[in-house]
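S.K.: Need the 3D shape of this:
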Amino acid sequence: MSNPTTVSSKPSASVDTNTPLFPIREVARQTGINPVTLRAWERRYGLIKPLRTAKGHRMYSLEHLEQIRKVLDWLERGVAVSQVKRLIEDHTQPQNPSDSPWQAQQNQWLDWIELLAERKLDEGFKQAMALYPPETLCQHLLLPLLAKLQQHGTLTDGARVEQVFFLTWLRTQLASRIAQNNRLHSSSPLLIASLSEQAMEPELWLCAWLASYSECAVQVFEWPIPAPDLSRAAKRLKPRAVLLHSSQRLQLEQLRKLLLGIDCPVLLSGPAVSIHQEALTQFSQLTCSIDPLQTYQNLLRLNLLQKH
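M.R.: Below you'll find the model as predicted:
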């Protein structure tokens, strides 16, 4: 963690100039909330009002960092950012809301998907990314949407078009943001490899997207490759870990051979973990999780990603 700085220029608000203050980029690094989101919270909702130097640069105190963590506590419980300021000012204790505001947003996105409205999705995602951290969007918007589309596809004729449209759009959006984030990181990457034969594994891309916002480069192999080739790729890339993902039944003997050829931590995610729940206990070196959020938490727990 970087040392705090002391502002020598006179801030716009009254403050002890010996108080440790942090520039917005350092706050983003410590909290995981990007500068665009911090500015949007301030301008649109009056949340987290920083001090200003004489030149107008935003500077944040330790109290501001604690306020940001309180905002995140509410967002993780499904509260809309527009409601957070009132709840904090009322000193309300965080609870799981019975009427989540995310339901309306999910329905709006489903309407756009039904209309195949790519531009609407682009705009909606851009606005959501400006207000919420990726983990919150994954939990309260993207994963519920994928579940609803899967259920919708089993009940409605023609829904396959909507599924393919949305999965294609989502993969494009996530891959673009991963590529942008990769340019900012030079440390050893996280290698994510698919073990499934089917195309468009959205949860694989969600795992990669979440990891890419934790100061970690991400390399994705979207299509399955033979175990010897994947082992050779791991030796060349020297990743911090290998994350295997599958939504289908695995060939456990092939998995065993693959694990023998990789000398860094290995994780397995996806529905395959549920399919082989008992059999996977024989692989003591393998850390398993079913969905992207669990996978992300496991990566943090193993210190393979930086917790903001």
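S.K.: mind listing the strands for this protein?
M.R.: Remark: strands assigned in the chain by DSSP state E are 5-6, 20-23, 51-52, 58-60, 190-194, 218-221, 241-245, 266-269, 286-289.
S.K.: which helices and strands sit right next to the fifth one?
M.R.: For strand 190-194, the elements it packs on are helix 202-212, strand 218-221, helix 227-237, strand 241-245, judged by 3 or more Cβ pairs under 8 Å, 6 or more residues apart in numbering; DSSP states H and E. (Each C-beta comes from the backbone N, C-alpha and C, glycine too.)
S.K.: what packs against the first one?
M.R.: Where contact means 3+ Cβ pairs under 8 Å, 6+ apart, helix 202-212 is packed against helix 134-137, helix 143-155, helix 159-182, strand 190-194, strand 218-221, strand 241-245, strand 266-269, helix 292-301.
S.K.: Contact partners for the residue most central in space within the chain?
M.R.: Closest residue to the average C-alpha location of the chain: Leu210 at 2.7 Å, with Cα atoms, centre = their mean. Contact criterion Cβ atoms under 8 Å, 6 or more residues apart in numbering gives 134-135, 138, 292-293, 295-296 as the residues in contact with Leu210.
S.K.: Try it again at 7 Å.
M.R.: Residues touching Leu210, when contacts are defined by Cβ atoms under 7 Å, 6 or more residues apart in numbering, comprise 134-135, 138, 292, 296.
S.K.: Tell me how far Gln306 lies from Ile192.
M.R.: For Gln306, the distance to Ile192 equals 17 Å [Cβ to Cβ, to the nearest Å].
S.K.: Compare the two and say which is more crowded by neighbours.
M.R.: For Gln306 against Ile192, the residue with the higher neighbour count under other Cβ atoms under 10 Å is Ile192, and the figures read 25 against 15.
S.K.: That one contacts Ala217, correct?
M.R.: No. Between Ile192 and Ala217 there is no contact, the gap being 11.1 Å when judged by Cβ atoms under 7 Å.
S.K.: Across the sheet, point out what pairs with the nearest residue to Leu62 once chain neighbours are set aside.
M.R.: When the adjacent residues along the chain are set aside, Leu62 lies closest to Pro20, with 6.6 Å between them (Cβ to Cβ, 6 or more residues apart in numbering). When assigned by DSSP bridges, Pro20 has beta-bridge partners Thr6.
S.K.: Just give the number of residues close to Pro20.
M.R.: Under the criterion other Cβ under 10 Å, the count of neighbours that Pro20 has is 13.
S.K.: And for Asn107?
M.R.: 12.
S.K.: swap in Asp263?
M.R.: Asp263: 12 neighbours (other Cβ under 10 Å).
S.K.: now the chain, which segments are flagged as low pLDDT?
M.R.: Residues of the chain meeting the criterion pLDDT under 70: 1-18, 92-100, 153-158, 307-308.
S.K.: Let's see that with 50 instead.
M.R.: Applying pLDDT under 50 to the chain flags the ranges 1-2, 6, 8-15, 98.
S.K.: Show me what stretch 249-262 is in contact with.
M.R.: 195, 227-228, 230-231, 234, 242, 266, 272, 275-276, 279, 283, 285-286.
S.K.: cutoff 8 Å now
M.R.: Counting contacts by Cβ under 8 Å, 6+ apart, the residues touching stretch 249-262 from outside are 195, 227-228, 230-231, 234, 242, 244, 266, 272, 275-276, 279, 283, 285-286.
S.K.: Which positions in that stretch come out as buried?
M.R.: Within stretch 249-262, the residues scored as buried using 16 or more other Cβ atoms under 10 Å are 250, 255, 258-259, 262.
S.K.: So which of these belong to helices?
M.R.: In helices, defined here by DSSP state H, the members of those are 255, 258-259.
S.K.: Format these as CSV; extra columns: distance to Trp109.
M.R.: Putting those into CSV (distance: Cβ to Cβ, whole Å) gives the following:
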residue, distance to Trp109
Leu255, 36
Leu258, 37
Leu259, 39
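S.K.: Ala159: which of those is nearest?
M.R.: Within these, proximity to Ala159 (Cβ to Cβ) peaks at Leu255, which comes in at 33.2 Å.
S.K.: Pick the most buried one from the strands of the chain.
M.R.: Across the strands of the chain, the average number of neighbours (mean count of other Cβ atoms under 10 Å) peaks for strand 241-245, which reaches a mean of 26.
S.K.: for that one, packing partners?
M.R.: Using 3+ Cβ pairs under 8 Å, 6+ apart as the contact criterion, the neighbours of strand 241-245 among helices and strands are strand 190-194, helix 202-212, strand 266-269, helix 292-301.
S.K.: and stretch 277-290, how far from the chain's centre?
M.R.: A distance of 23 Å separates the C-alpha centroid of stretch 277-290 from that of its chain, computed with Cα atoms, centre = their mean, to the nearest Å.
S.K.: Kindly report the same for stretch 160-180.
M.R.: Average the C-alpha atoms of stretch 160-180, do the same for its chain, and the two points are 15 Å apart (Cα atoms, centre = their mean).
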